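**Student:** just need the structure, nothing else, for what follows:
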Amino acid sequence: MVKGRMTRRSFLLAFPWLLAAPSRAMPAMLGPVLVESSIQSPSPYVIRTVLLTGQPAPQGGTFTQFSDPALNNHGDLAFAALSTSRTAHYALYLRAGGHLNTLAASGQRAASGGAFKVFNDVVLNDRGTVVFLGLTDDRIAQQGIFLARAGAPVPIAVAGQQATSGGVFTDFANPTINTGGTVAFVGRMGGGREAIFTSSEGSTSPILVSGQPAPTGGAFQFFLDGSPSLNDRGQIAFVAATTDRGTFGVYVTVGGKPVPVVTTDDEAPVGGLFTEFGSLMFTNAGTVGFVGRTAHSTIREALYVTGRATLVPLARQGESVSGQILTTFSSSAINQSETVVFQLGTPDPIPRAIFLARRTGISVVVRAGDRSPTGQLFTAFSTPALNDRGEMAFVAETEDFRHGIYLVTPR
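**Tutor:** Residues are numbered from 1 along each chain as shown. Predicted coordinates:
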């Protein structure tokens with residue numbers, strides 16, 4: 001599974017009320033929404049309910065909220081969840097073969113020190129290995145990248161630890177893992193210094209470091225928008241800002257060296273110069289996908305994949321899809337068939353539909369007003385995951401304000 005997002009959502013960022021009032025009862029994800037049942041031809045997808053809020057949690061109590069699920073090619077799911085349990089309010093789960101297993105829970109001792117508090121940025125590979133960004137109550141090792149297979153999670157890198165690039169780790173972003181078990185992430189060392197690291201078999205190495213010369217001129221300054229994206233060949237795609245002219249670019253490592261794919265010095269296929277990039281995606285074949293914004297063009301934003309000789313726009317701002325006008329792109333994910341699942345970000349900041357884009361066209365997978373397996377109407381959706389079988393997983397809310405994890409399978 002390969003994923004990319006305009007902004008990778010952490011557990012706390014997805015549910016900001018937890019920061020203000022973690023002990024209060026969970027409110028509805030959204031305010032009241034007026035929806036009408038949509039009339040459409042039979043869907044080419046089957047939607048199944050995996051878990052719902054209100055159902056019993058393994059640690060006691062009932063589920064109250066779910067994070068965006070990660071999905072592998074076997075249909076396994078990894079996710080964090082909140083429950084009413086007094087001893088394990090937060091927990092990290094792996095659902096494999098129909099069985100729900102607890103990998104870690106709040107209050108559990110972390111090998112890096114302290115006890116776990118929150119689990120963010122959960123990712124999963126085809127071998128059932130889960131990687132996540134964990135927050136603990138340790139005074140120094142408050143944050144770390146952890147790996148979980150069986151037994152207690154193992155720390156890969158933690159705050160306060162000496163970084164192999166020099167300096168001391170202060171925080172981390174965007175962990176990812178490929179099928180071979182190699183983990184990649186952004187690590188920050190304070191003073192504006194950061195690097196993309198990989199970790200395999202207990203060894204962690206910097207691949208790209210801020211201040212390193214960029215092939216487009218100047219030096220790499222920082223890495224953003226879902227970087228890094230790692231494929232099974234060990235190649236890394238990333239979006240970076242560079243000095244001295246303040247340019248942005250999409251790059252891929254080839255033979256360990258960064259090669260530019262497109263930068264803000266390039267003109268977009270829809271017209272005008274690119275101004276920024278996000279929602280980075282990457283396949284094993286080396287296809288790169290991203291959202292590109294442009295200036296001085298009637299089409300200010302589009303979803304692209306790399307072609308043999310040119311960039312291919314899969315979806316453009318202003319296009320009409322089943323009566324809905326595409327606006328901005330808030331999230332996307334790609335599989336090895338170069339199918340892309342995406343959502344819109346405006347004018348409503350809460351996604352009300354999930355779309356699928358191929359080079360042959362765009363379709364709607366599910367939208368607000370469609371009937372859920374529980375009989376209620378869907379009102380909103382979280383960031384979807386996509387695997388190579390064309391299955392999708394997401395958290396959705398229904399008109400009764402109940403949340404659930406759903407799995408979508410092509411017929």
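**Student:** longest single strand anywhere in this structure?
**Tutor:** Looking across the chain with DSSP state E, the single longest strand is strand 219-230.
**Student:** buried residues, it. List them.
**Tutor:** Under the neighbour-count criterion of 16 or more other Cβ atoms under 10 Å, strand 219-230 has 220-221, 223-230 buried. Bear in mind the C-beta positions are built from the backbone N, C-alpha and C, glycine included.
**Student:** what's the helix or strand for Thr383?
**Tutor:** Of the helices and strands defined by DSSP states H and E, none includes Thr383.
**Student:** which element is encountered next along the chain beyond the helix or strand bottoming out on mean pLDDT in the chain?
**Tutor:** Sorting the helices and strands of the chain by mean pLDDT, DSSP states H and E puts helix 17-20 at the bottom, at a mean of 31. Heading C-terminal from helix 17-20, the first helix or strand you meet, by DSSP H and E, is strand 45-52.
**Student:** please name the bridge partners of Val168.
**Tutor:** Gln162 (DSSP bridges).
**Student:** correct me, but it touches Ala157?
**Tutor:** No - the criterion here is Cβ atoms under 8 Å, and Val168 misses it with Ala157 at 10.8 Å.
**Student:** tell me which of those two has more neighbours.
**Tutor:** Ala157 (22 against 12; other Cβ atoms under 10 Å).
**Student:** please give me every residue in contact with the more buried one.
**Tutor:** 144-145, 163, 169, 172, 185, 187, 197, 199, 204 (Cβ atoms under 8 Å, 6 or more residues apart in numbering).
**Student:** need those in JSON lines with neighbour count, distance to Ile362 and pLDDT, can you?
**Tutor:** Putting the contacts of Ala157 into JSON lines (neighbours: other Cβ atoms under 10 Å; distance: Cβ to Cβ, whole Å; pLDDT from 0 to 100) gives the following:
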{"residue": "Gly144", "neighbour count": "29", "distance to Ile362": "40", "pLDDT": "98"}
{"residue": "Ile145", "neighbour count": "29", "distance to Ile362": "35", "pLDDT": "98"}
{"residue": "Ala163", "neighbour count": "21", "distance to Ile362": "43", "pLDDT": "96"}
{"residue": "Phe169", "neighbour count": "24", "distance to Ile362": "41", "pLDDT": "97"}
{"residue": "Phe172", "neighbour count": "23", "distance to Ile362": "35", "pLDDT": "97"}
{"residue": "Phe185", "neighbour count": "26", "distance to Ile362": "32", "pLDDT": "98"}
{"residue": "Gly187", "neighbour count": "28", "distance to Ile362": "37", "pLDDT": "97"}
{"residue": "Phe197", "neighbour count": "26", "distance to Ile362": "36", "pLDDT": "98"}
{"residue": "Ser199", "neighbour count": "22", "distance to Ile362": "37", "pLDDT": "97"}
{"residue": "Thr204", "neighbour count": "19", "distance to Ile362": "40", "pLDDT": "96"}
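**Student:** quick one: which of these is nearest to Asn335?
**Tutor:** Checking those against Asn335 by Cβ to Cβ gives Phe185 as the nearest, at 22.0 Å.
**Student:** is the closest one within a helix or a strand, and which one?
**Tutor:** strand 183-190.
**Student:** helix or strand next in line after that strand, which one?
**Tutor:** Criterion used, DSSP H and E; the element after strand 183-190 is strand 193-200.
**Student:** who does that next one touch, helix- and strand-wise?
**Tutor:** strand 154-158, strand 183-190, strand 203-209, strand 219-230, strand 236-243 (3 or more Cβ pairs under 8 Å, 6 or more residues apart in numbering; DSSP states H and E).
**Student:** return the member of the ones you listed having the minimum mean pLDDT.
**Tutor:** The minimum mean pLDDT among these belongs to strand 219-230 (a mean of 92).
**Student:** now do it and strand 236-243, the angle between them.
**Tutor:** Inter-element angle recorded for strand 219-230 and strand 236-243: 160 degrees (by axes from the mean of the first three to the mean of the last three Cα atoms, to 10 degrees).
**Student:** any stretches of the chain with poor pLDDT?
**Tutor:** Applying pLDDT under 70 to the chain flags the ranges 1-42.
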